[in-house]
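1. Quick one: sequence and predicted model below, then my questions.
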Amino acid sequence: MTKVFVNLPTADLERSKAFYVALGCEINPLFTDENAASVVWSDDVYFMMLTRDFFTTFTDKRLVEPKDDVQVLVALSRDSRDDVDAIVAAGLAAGGTEPRPATDYGFMYSRDLEDPDGNVLEFVYMSEEAAEQGPEAYLNDQEGLGAA
């Protein structure tokens with residue numbers, strides 16, 4: 001089984017840990033110290049929150065400032081539109097920001113949430129039909145219902 005580790009820089013490790021715990025994550029103490037925190041999203045997805053200085057030891061490239069620049073958008077699926085709204089609300093209450101309005105394509109609903117460092121998490125719900133057969137199947141079904 002493939003595990004996914006997303007490494008993200010942080011200016012304040014304790015603040016980052018509190019933010020991700022507020023989203024429902026757990027901190028794995030076996031891989032957490034003064035330089036990094038292992039944030040468990042699921043059995044297969046982990047965020048490694050790394051202090052900015054420690055993060056730079058893994059690359060020779062210039063580290064961008066997440067509040068000003070974007071390198072990656074981390075998209076995480078949710079089970080419903082309500083779940084998307086609930087996790088974004090939890091993130092906003094924990095010090096995150098929502099940089100843009102929700103996007104609703106009918107078959108897919110998403111909202112962006114920036115953590116306190118400016119790293120972007122995108123929470124997405126996609127209808128089961130669209131996920132299995134592509135967006136056209138969902139849209140064609142809606143047209144058949146008269147909702148074109």
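-> Nice, thanks for sending it over. Since we're looking at a predicted model, the values are computed, not measured.

2. what's the nearest residue to Phe123 if we skip its chain neighbours?
-> Nearest non-adjacent residue to Phe123, counting by Cβ to Cβ, 6 or more residues apart in numbering: Val84, 4.6 Å away. To be clear about C-beta, it is placed using only N, CA and C from the backbone, and glycine gets the same treatment.

3. Could you confirm Asp85 falls within a helix?
-> Yes: using DSSP: H, G, I helix; E, B strand; the rest coil, the secondary structure at Asp85 is a helix.

4. I'd assumed Arg111 was in contact with it.
-> Yes: using Cβ atoms under 8 Å, Asp85 is in contact with Arg111, at 7.2 Å.

5. Settle it for me: which of the two has more neighbours?
-> Each of Asp85 and Arg111 has its neighbours counted (other Cβ atoms under 10 Å); Arg111 has more, 24 against 16.

6. quick one: the more buried one and Ala86 touch, right?
-> No: using Cβ under 8 Å, Arg111 makes no contact with Ala86, being 10.6 Å away.

7. Show me the shaky parts of the protein.
-> Along the chain, segments meeting pLDDT under 70 span 130-131, 137-148.

8. so where do the helices sit in it?
-> Counting by DSSP state H, the segments of the chain that form helices are 13-22, 52-55, 81-93, 128-133, 135-144.

9. name the helices or strands packed onto the longest one?
-> Which is helix 81-93. helix 13-22, strand 108-114, strand 120-126 (3 or more Cβ pairs under 8 Å, 6 or more residues apart in numbering; DSSP states H and E).

10. quick one, domains of the protein?
-> Domain assignment for the chain, taken from automatic domain parsing, gives 1-61, 64-148.
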